[in-house]
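**Student:** Predicted model and sequence below, questions to follow.
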Amino acid sequence: MTARAHNSLIIAAVAALVLLGACSGGTGSNHTTGRSTPTSRTASGSGAPSTTSNAAPFNGDVYAFTHAGMMNPAVAGITTRVYVPNSEANTLDVIDPATYKVIAHYPVGALPQHVTPAWDLRTLYVDNDKGNSLTPIDPRTGTLGTPIPVEDPYNLYFTPDGTKAIVVAERLQRLDFRDPHTWKLIKSVHIAHLGADHLDFTVDGNELVVSCEFSGWVVRVNVNDMRVTGELHLGGQPIDVKLSPDGRWMYVANQSRNGVSVIDPATMTEKAFIPTGGGAHGLYPSRDGKLLYVSNRIVGSVSVIDFATNRVVATWHIGGTPDMGGVTADGKQLWLSGRYTGSVYVIDTTTGALLHTIAVGAGPHGLDIFPQPGRYSIGHTGNYR
């Protein structure tokens, strides 16, 4: 395909998605857990295949439109910046990735946890958990807007069709489905287990799987009916969740089991477990969609999983407490917050070398690199499709 044809395809896909929003492989792993089979509960009839989809047409690769250079025209002309919420300092640091220097520092709401790009990529939101607000950022000017009142925004996501925002209210044990323009509450879904915090969507966009960090469960929710349809007890502390490139599996980082579960979201069963390292926490696909980077917060390392084989192919020992972050638009660097070191780490994804350690505020958490390749954002610190 020529570059012109490729760009035309992206533009056409974006246009179709904007119009829609306006209208409203086997695991191949021999690793085992060494524990009893996790407990699974599925609501009656929920395993039936969907006849409709809330996502854009699936071409066989979930991350096909997030490769290097595949930028949405909506972000043209935006200067790349790294936004770091400092949870313990109630501040936001802005880093210029060209110089690796903090160039701006702002007060925000209490306990800012993540910086989340909007579905249409035109706004960023600082998720002020205890501040009960979202602070909007204009990524073109860097200007912070008037905080938007919402309850307990530990994390923030958007349905793949862009019609709903999902505020993950961890403390309140809820997923609050809201209008992404007015932020009016549509419906709250109670999560029966403590610590709901990270999620991803099934390939058709009709369901999500959310982790419950403090109770060891993952829960499946239908985004159309906005109801719980199944759950699975993994044990430990499930944290970040990512869909496999072929759309078959959900990868769930488990901080106290020290690895990554591979689960089937259709049956809510664990199919494999991949040991990585102490404190497996954040999950980030490589820019070509072939690898999964796992931040191991306790042991200070990053494990690299090959999606095709479900095996760890490299381990990068960087020290510190690597937590949440993202991959640069060209795929050459992985940026992670150092949760308990007041710093940000920049890692070379070719060699695994730690390139820079940048001092920021206390308790840096869900940093966001913006802009990124992709047709639209489904939330967190920059999950794109």
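**Tutor:** That came in fine, so what should we check first?
**Student:** Just the element for Tyr157, please.
**Tutor:** strand 155-158 (DSSP states H and E).
**Student:** Find out how far that strand is from the centre of the chain, if you would.
**Tutor:** 9 Å (C-alpha atoms, centre = their mean, to the nearest Å).
**Student:** Now do the end-to-end distance for stretch 201-216.
**Tutor:** From its first residue to its last, stretch 201-216 covers 19 Å (C-alpha to C-alpha, to the nearest Å).
**Student:** Next: stretch 94-112.
**Tutor:** One end of stretch 94-112 to the other measures 14 Å (C-alpha to C-alpha).
**Student:** Which residues does stretch 174-191 contact?
**Tutor:** With contact meaning C-beta atoms under 8 Å, 6 or more residues apart in numbering, stretch 174-191 is reached by 118-119, 134, 148-152, 158, 162-169, 173, 196, 210, 212, 219, 221, 223, 226-228. Where you see a C-beta, it was placed from the backbone N, CA and C, and this is true even at glycine.
**Student:** are any of these buried, and which?
**Tutor:** Among the contacts of stretch 174-191, those buried by neighbour count (16 or more other C-beta atoms under 10 Å) are 118-119, 134, 148, 150, 152, 158, 162-169, 173, 196, 210, 212, 219, 221, 223, 226, 228.
**Student:** Counting by contacts, list what the strand holding Tyr157 packs against.
**Tutor:** Strand 155-158 sits against strand 112-117, strand 124-128, strand 165-169, strand 196-201, strand 377-379, with contacts defined as 3 or more C-beta pairs under 8 Å, 6 or more residues apart in numbering; DSSP states H and E.
**Student:** Which residues does the shortest one contact?
**Tutor:** Yep, that's strand 377-379 we're talking about. With contact meaning C-beta under 8 Å, 6+ apart, strand 377-379 is reached by 116-121, 155-160, 166, 200-201, 383-385.
**Student:** ok, now with 6 Å
**Tutor:** In this structure, residues lying in contact with strand 377-379 by C-beta atoms under 6 Å, 6 or more residues apart in numbering are 116-117, 119, 121, 156-158, 160, 384.
**Student:** try stretch 348-355
**Tutor:** Outside stretch 348-355, the residues within contact range by C-beta under 6 Å, 6+ apart are 316, 318, 332, 334, 346-347.
**Student:** Stretch 57-68 now?
**Tutor:** By C-beta under 6 Å, 6+ apart, the residues outside stretch 57-68 that reach it are 203, 243, 245, 247, 285, 287, 289, 330-331, 373-375, 384.
**Student:** Now go through the residues you listed and say which are in strands.
**Tutor:** 243, 285, 384 (DSSP state E).
**Student:** Tell me the one of those nearest Asp129?
**Tutor:** Distance to Asp129, by C-beta to C-beta, is smallest for Tyr384 among the ones in strands among the contacts of stretch 57-68, at 23.3 Å.
**Student:** where exactly do the helices run in this structure?
**Tutor:** Assignment of helices within the chain using DSSP state H yields the ranges 3-22.
**Student:** okay, and for it, where does confidence drop off?
**Tutor:** 1-52 (pLDDT under 70).
**Student:** By neighbour count, which of the contacts of stretch 348-355 wins?
**Tutor:** Counting neighbours by other C-beta atoms under 10 Å, the top entry in the contacts of stretch 348-355 is Leu334, with 27 neighbours.
**Student:** Tell me the bridge partners for that residue.
**Tutor:** Note on Leu334: beta-bridge partners by DSSP bridges are Val327, Ile347.
**Student:** Which residue ranges of the stretch 51-200 of the chain form strands?
**Tutor:** Shown for the stretch 51-200 of the chain, the strands assigned by DSSP state E, counting those that start in this stretch span residues 81-86, 91-96, 101-107, 112-117, 124-128, 133-137, 148-149, 155-158, 165-169, 174-178, 185-190, 196-201.
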